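Novice: The amino acid sequence is not available; the structure is as follows:
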């Protein structure tokens, strides 16, 4: 289990991470969210041992993270961390050996992963000759070459088309089902919603929201009502607790302050014509994020 | 960690050596070095008029018996014997034609027009198509002065036997009381003028390779952010030492190859039995080796070479440490390239001071620099050969280099740890000084 306890990180007088605590158990996919500069990368760097926390403790299976345990960790950086002059095989051997693997095991695992990600032909190609998407695949392969117990993914889907996003998702889910702990950060909230059971939202280095995703959504008072049919939207807008009414394609989306407003809206809708849909939805993670952080994710 | 260090060294070396550019660079080196050792043979093979003796037509109007012309020929032969080189003479030919007409036919020739002169015995005019080189002008002036003296003496009714005595060149016999000093001085001069420049050039080139290698690798890993993955698996200390060891091993490999190309060049030269065509100053390997072996410098080289090698190896390590530290501080390759030249020029300072040491013998200023790390690698061995510093002073230079390397490791490593993960040049010095204080 990865345990982060009350970590703080100062850069001179600037507090980048403020009293952050969370746990990731084997098989869990954990989301670490926040706008740029919220402290995500600093947190990742502290977890993999690149930075020392100013205070607090980080342990993996009860042991502090040092070079004796880093072989069990995989890390995918937000920016490319590939030595582009090397071939895919050379790069895999480079990073694999540093993870304590034997060269023959690395090549076997690489063949398997290249096949899985449909880039087996690029094994002996130089990384700089590959497309951006394929470089991202190679970067992901390098992060998981050692079958890590703890996998840290900082924006893993950048530069990928939807087809390849699916390939990544499948692999991440498979790794989690095999017991790996995965920490995940992404600008794409739909990915976070799909993957993460637990998450933490950072703002200025401090946690502003954390816990189980379902519970977070459930506890979040604001809901959305989706309505299909002819309704008096002006009447709905007058209801106390209705925040907004928007038309999305054929449906109306009514944002409400809490669940008590649902009955009042329903009364107005029931007077309408050709009503085919009245659906009370949990808010999206993006909405919760904006509410909590006060700004959009992609700043 | 030991295995990871070994692996990182292997990777660094392979990235440098197993490339087509390394092969290409070495092919060029081999061709250039072999060519350099056989430059005279190559130049000769292409031909040219550099081996031709200057042709001089003499229009002797001084008397009908060509007395002046004959004296000129005699003096020319004497001059040849005196300088032991047939190149330092002229090929004279009598003529009655007009100077301009002769040069019209033979543009490379000179014409000497000799007339009687009441006050100066003879009056001579040198006519040539173009510029006559200063050395050739001086040579012919010497010969003509001798001719004039001989003519003047003969006009003073001196007997031919007396005249011969007066005209014969003086025999200046050299007598050196301490023969060992003679060979020592000759050997030292030989080493400083020929062997030393041959060593400094590869040393300088290898320093550039070493600094470039460390800088390029650290920058490449830093700018691609591969450094984060590497440093999350091996400590900055291991990474730093891997670069230092790999670059020094590379220098060793490249150095051995350069020596190999030099030996190949010498071998080819010996096989074809090249003979110098460039005069006494040209590179005569056999003669050079014989001179060194025959001189007392050989016994000196017995301890100078091992001491110089130790100092050079320590200096290479120092350069690698310095390059690694500076590369970790820079945020892109261009910044490092700007820093690279001043580092390398340090060794050039040593070279120029070593060259000046012979002129400013006993200079305290130069002696002080022989102790300065990085500069000492070139300067201290030359001062030791010249006898301007002793073994004790040389050992002090070695100790100072060891201390420098220790300081670079102790404090430089602190900078390296912070620098390799720093991607911004903002507050750079503040960050580095803070790292030093840790």
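Specialist: Nice, I can see it. Bear in mind the structure is a predicted one, so any value in this text is a computation, not a measurement.
Novice: which parts of the stretch 51-200 of chain A sit against chain B?
Specialist: Residues of the stretch 51-200 of chain A lying near chain B by CB under 8 Å from any CB of the partner chain: A:51, A:67, A:70-71, A:73, A:75, A:77, A:79-86, A:94-95, A:97-99, A:142. The C-beta positions use only the backbone N, C-alpha and C, and glycine is treated the same way.
Novice: From the residues you listed, list just the buried residues.
Specialist: Buried members of those, scored by 16 or more other CB atoms under 10 Å in any protein chain shown, are A:51, A:70, A:73, A:75, A:77, A:80-84, A:86, A:94-95, A:97-99, A:142.
Novice: downstream neighbour of the helix or strand containing residue A:17 in the secondary structure list?
Specialist: Using DSSP states H and E, residue A:17 falls within strand A:14-24. Next helix or strand after strand A:14-24 toward the C-terminus (DSSP H and E): strand A:29-34.
Novice: For that following strand, what does the pLDDT average out to?
Specialist: Averaging pLDDT along strand A:29-34 gives 90.
Novice: any idea how far it is from the chain center?
Specialist: 5 Å (CA atoms, centre = their mean, to the nearest Å).
Novice: tilt between the following helix or strand past it and strand A:14-24?
Specialist: Toward the C-terminus, strand A:29-34 is succeeded by helix A:40-47 as the next helix or strand (DSSP H and E). Angle, helix A:40-47 to strand A:14-24, by axes from the mean of the first three to the mean of the last three CA atoms, to 10 degrees: 60 degrees.
Novice: Report the mean confidence score over helix A:40-47.
Specialist: pLDDT averaged over helix A:40-47 gives 92.
Novice: helices or strands next to that helix in the packing?
Specialist: strand A:2-11, strand A:14-24, strand A:29-34, strand A:150-154, strand A:181-185 (3 or more CB pairs under 8 Å, 6 or more residues apart in numbering or on different chains; DSSP states H and E).
Novice: now for those, which one comes closest to residue B:94?
Specialist: strand A:2-11 (94.4 Å; CB to CB).
Novice: So which other helices or strands are in contact with that closest one?
Specialist: Using 3+ CB pairs under 8 Å, 6+ apart: strand A:2-11 touches strand A:14-24, helix A:40-47, strand A:55-60.
Novice: Least confident secondary structure element in chain A?
Specialist: helix A:285-293 (a mean of 76; mean pLDDT, DSSP states H and E).
Novice: Looking at the helices and strands packed on strand A:2-11, which is nearest to residue A:124?
Specialist: helix A:40-47 (31.4 Å).
Novice: now the angle between strand A:2-11 and that closest one, please.
Specialist: 120 degrees.
Novice: who touches helix A:40-47?
Specialist: With CB atoms under 8 Å, 6 or more residues apart in numbering or on different chains as the test, helix A:40-47 has contacts from A:2, A:4, A:7, A:9, A:16-17, A:20, A:32-34, A:51-53, A:58, A:65, A:73, A:75, A:78, A:150, A:152, A:154, A:183, A:185, A:202, A:205, B:228, B:421.
Novice: which of those count as buried?
Specialist: A:2, A:4, A:7, A:9, A:16-17, A:20, A:32-34, A:51, A:53, A:58, A:65, A:73, A:75, A:78, A:150, A:152, A:154, A:183, A:185, A:202, A:205, B:228, B:421.
Novice: returning to that earlier point: to residue B:428, which of the helices and strands packed on helix A:40-47 lies closest?
Specialist: strand A:2-11 (13.9 Å).
Novice: now what about that closest one, what contacts it?
Specialist: So strand A:2-11 is contacted by A:15-24, A:39, A:42-43, A:46-47, A:51, A:53-60, A:62, A:150, A:181, A:183, A:205 (CB under 8 Å, 6+ apart).
Novice: hmm, 7 Å instead?
Specialist: A:15-24, A:42, A:46, A:51, A:53-60, A:150, A:181 (CB atoms under 7 Å, 6 or more residues apart in numbering or on different chains).
Novice: same question, stretch A:265-275
Specialist: Counting by CB under 7 Å, 6+ apart, A:225, A:227-232, A:235-236, A:239, A:242, A:254, A:256, A:278 sit against stretch A:265-275.
Novice: Out of those, which two sit at the greatest distance?
Specialist: A:230 and A:256 (20.2 Å).
Novice: How many neighbouring residues does residue 219 have?
Specialist: Because you didn't say which chain, this covers chain A. 11 (other CB atoms under 10 Å in any protein chain shown).
Novice: That was the other one, I meant chain B.
Specialist: Based on other CB under 10 Å, the number of other residues close to residue B:219 is 21.
Novice: On the three-state scheme, it is what?
Specialist: helix (DSSP: H, G, I helix; E, B strand; the rest coil).
Novice: Name the nearest residue to it, ignoring sequence neighbours.
Specialist: residue B:333 (4.8 Å; CB to CB, 6 or more residues apart in numbering or on different chains).
Novice: tally of neighbours for that neighbour?
Specialist: 16.
Novice: Of the contacts of stretch A:265-275, which belong to strands?
Specialist: With strands defined by DSSP state E, the entries of the contacts of stretch A:265-275 inside them are A:225, A:227-230, A:242, A:254, A:256, A:278.
Novice: circling back: and the gap between the residue nearest to residue B:219 and residue B:206?
Specialist: 21 Å (CB to CB, to the nearest Å).
Novice: swap in residue B:326?
Specialist: 18 Å.
Novice: What does the pLDDT read for residue A:194?
Specialist: For residue A:194, pLDDT reads 79.
Novice: Please apply the same query to the one 10 residues further on.
Specialist: As summarised for this prediction, residue A:204 has a pLDDT of 87.
Novice: what's the answer for residue B:364, then?
Specialist: 90.
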